[in-house]
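Participant: Below is the sequence, then the predicted model.
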Amino acid sequence: DNYCGFFEGTEKLLEMWFSCSDGDMEDCDVRKIPRAALESLLKLVKCEIISFKKNEQIDAYVLSESSMFVSKSRFILKTCGSTTLLRAVQPLLYLVQEYTGFDEVLDIFYSRKNFIRPELQLQPHTSFEDEVGVLDGLFEDGAAYCLGRVNQDCWYLYTLNPPDNFVGVQAPDQTLEVIMQQLDSKIMRIFTKKVCSTAQEATHRSGIDMLFPGIVIDDFLFDPCGYSMNGLLKGGYYITIHITPEPHCSYVSFETNAPQESYQDLILGLMKTFNPGKFTMTVFANKASVAANAPSECQECHFKNYQRKELQLCEFKNYNLTYALFAKAPS
Ligand code: PUT
């Protein structure tokens, strides 16, 4: 029974957007990369595909260590544990060049929260400086940031922030990520094989299926514990949830690109579902997004029982970013 072992739930998250130098993108598609090539790519990361669902806009993979989403011009890879995500970036650039018709990187986002046990990571993930070294070797005009407190809870980001003439993603785009820790142990037990025999049972008993009613769900319950799900919505929108339930390293991440003018009700739903002791939220929104006002709205955000410990608002060339940390008020 490994239920008491340590697991690093903290994910590394890569999102890349591609474009074409001649402007004609009709025949370009990242989904043209063959499955076998994606499988080889994931070997470099030390994870594999365990489930797959698709709709017209997105190919969504549940991985042995988190998730991958591939759509026409965007590639998202999220991996936890001691995976080596950044070893896949250069090979991915070759695959995009070879199979997809795209020949330019439009934007890149690499982010993660501080690891619980950084000493267990493999190169280049042993420090953010080393991760930045890999990315700087591949991209011009990359910019590295740390939000939050460098000696406590913090969140690292690498993105393109060139001085001028930056086009970036013009279509409306937004991403909410909520990273929860110190979770309610009663709720976490749902995500063990002792309590639920199937992923569907865990999805239903926890109330995850009520967060976005009607969503198409691909869920997986690990043995002896741990849970992952991808959810597909119409219009090219996804949600993904990953759960490490072990009491001393409990961790839940939630991510979606679903557009909402305000994410307050959704975050309240997450608090009700998981009851974390603390959580960080990040919202990226570009100019065309309906979530563009989320930063100012967040200054008014109130979550019952939680105190806002940090709030940082950033303006990048093409996106506004909000970072906030909330922790339960002492009772
Ligand atoms: N995880 C980065 C999200 C960027 C905006 N889609």
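Facilitator: That came through, no problem. Numbering: from 1, shown residues only.

Participant: Identify the spatial nearest neighbour of residue 119, chain neighbours not counted.
Facilitator: Nearest residue to residue 119, sequence neighbours excluded (C-beta to C-beta, 6 or more residues apart in numbering): residue 126, at 7.7 Å. (Glycine included, C-beta is placed from N, CA and C.)

Participant: let me fix that: residue 259
Facilitator: Of all residues not flanking residue 259 in the chain, residue 290 sits nearest, at 4.8 Å (C-beta to C-beta, 6+ apart).

Participant: in a strand, that's where that neighbour is, yeah?
Facilitator: No. Read with DSSP: H, G, I helix; E, B strand; the rest coil, residue 290 is coil and lies in no strand.

Participant: any idea which helix or strand comes after the helix or strand of the chain with the lowest mean pLDDT?
Facilitator: Across the helices and strands of the chain, mean confidence by mean pLDDT, DSSP states H and E is lowest for helix 294-298: a mean of 67. Counting by DSSP states H and E, the next helix or strand C-terminal to helix 294-298 is strand 306-315.

Participant: And for that following strand, what's in contact with it?
Facilitator: By C-beta atoms under 8 Å, 6 or more residues apart in numbering, the surrounding residues in contact with strand 306-315 are 145, 147-149, 153, 271, 278-279, 295, 298-299, 301, 320-329.

Participant: I'd like to know which of those residues are buried.
Facilitator: Buried residues within these, counting neighbours by 16 or more other C-beta atoms under 10 Å: 145, 147-148, 153, 271, 278-279, 295, 298, 301, 320-328.

Participant: State the distance from residue 114 to residue 25.
Facilitator: In this view, residue 114 and residue 25 are 37 Å apart by C-beta to C-beta, to the nearest Å.

Participant: ok, the two, which is more surrounded?
Facilitator: Counted by other C-beta atoms under 10 Å, residue 114 and residue 25 do not tie: residue 114 has more neighbours, with 18 against 15.

Participant: picking up where we left off before, the residue nearest to residue 119 touches residue 118, doesn't it?
Facilitator: Yes. Using C-beta atoms under 8 Å, residue 126 and residue 118 qualify as a contacting pair, with a distance of 6.6 Å.

Participant: ok, residue 258 to the ligand distance?
Facilitator: Note on residue 258: its distance to the ligand, by C-beta to the nearest ligand atom, to the nearest Å, is 12 Å.

Participant: Any idea how many residues pack against the nearest residue to residue 74 once chain neighbours are set aside?
Facilitator: Leaving aside its chain neighbours, residue 74 sits nearest to residue 17 (5.3 Å; criterion: C-beta to C-beta, 6+ apart). Residue 17: 22 surrounding residues under other C-beta under 10 Å.

Participant: so which strand or helix has residue 17?
Facilitator: Applying DSSP H and E as the criterion places residue 17 in strand 12-19.

Participant: Now do that strand: which elements does it pack against?
Facilitator: strand 74-79, helix 89-99, strand 104-113 (3 or more C-beta pairs under 8 Å, 6 or more residues apart in numbering; DSSP states H and E).

Participant: Just the residues contacting the following helix or strand past that strand, thanks.
Facilitator: Remark: after strand 12-19, the chain's next helix or strand is helix 35-45, criterion DSSP H and E. With contacts defined as C-beta under 8 Å, 6+ apart, helix 35-45 is touched by 48-49, 61, 63, 65, 68, 70, 77, 79, 83-85, 87-88, 91-92, 95, 99.

Participant: Write out the residues of the stretch 151-300 of the chain neighbouring the ligand.
Facilitator: Within the stretch 151-300 of the chain, the positions lying close to the ligand (C-beta under 6 Å from any ligand atom) are 173, 175, 284.

Participant: Output those in JSON lines, with neighbour count, pLDDT and distance to residue 208 appended to each entry.
Facilitator: Below are those laid out as JSON lines (neighbours: other C-beta atoms under 10 Å; pLDDT from 0 to 100; distance: C-beta to C-beta, whole Å):
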{"residue": "173", "neighbour count": "23", "pLDDT": "98", "distance to residue 208": "24"}
{"residue": "175", "neighbour count": "21", "pLDDT": "98", "distance to residue 208": "19"}
{"residue": "284", "neighbour count": "26", "pLDDT": "97", "distance to residue 208": "23"}
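
Participant: The ligand is nearest to which of the helices and strands packed on strand 12-19?
Facilitator: strand 104-113 (3.6 Å; C-beta to the nearest ligand atom).

Participant: Name the residues that touch that closest one?
Facilitator: Outside of strand 104-113, the residues within contact range by C-beta under 8 Å, 6+ apart are 10-21, 73, 86, 93, 131, 135, 139, 142, 153-160, 167-169, 177, 179, 280, 282, 284, 318.

Participant: where in this protein is pLDDT low?
Facilitator: Scanning the chain for pLDDT under 70 picks out 1-4, 295-301.

Participant: residue ranges of the helices in it, please?
Facilitator: According to DSSP state H, the chain carries its helices in the segments 35-45, 89-99, 128-136, 185-188, 199-206, 264-274, 294-298.
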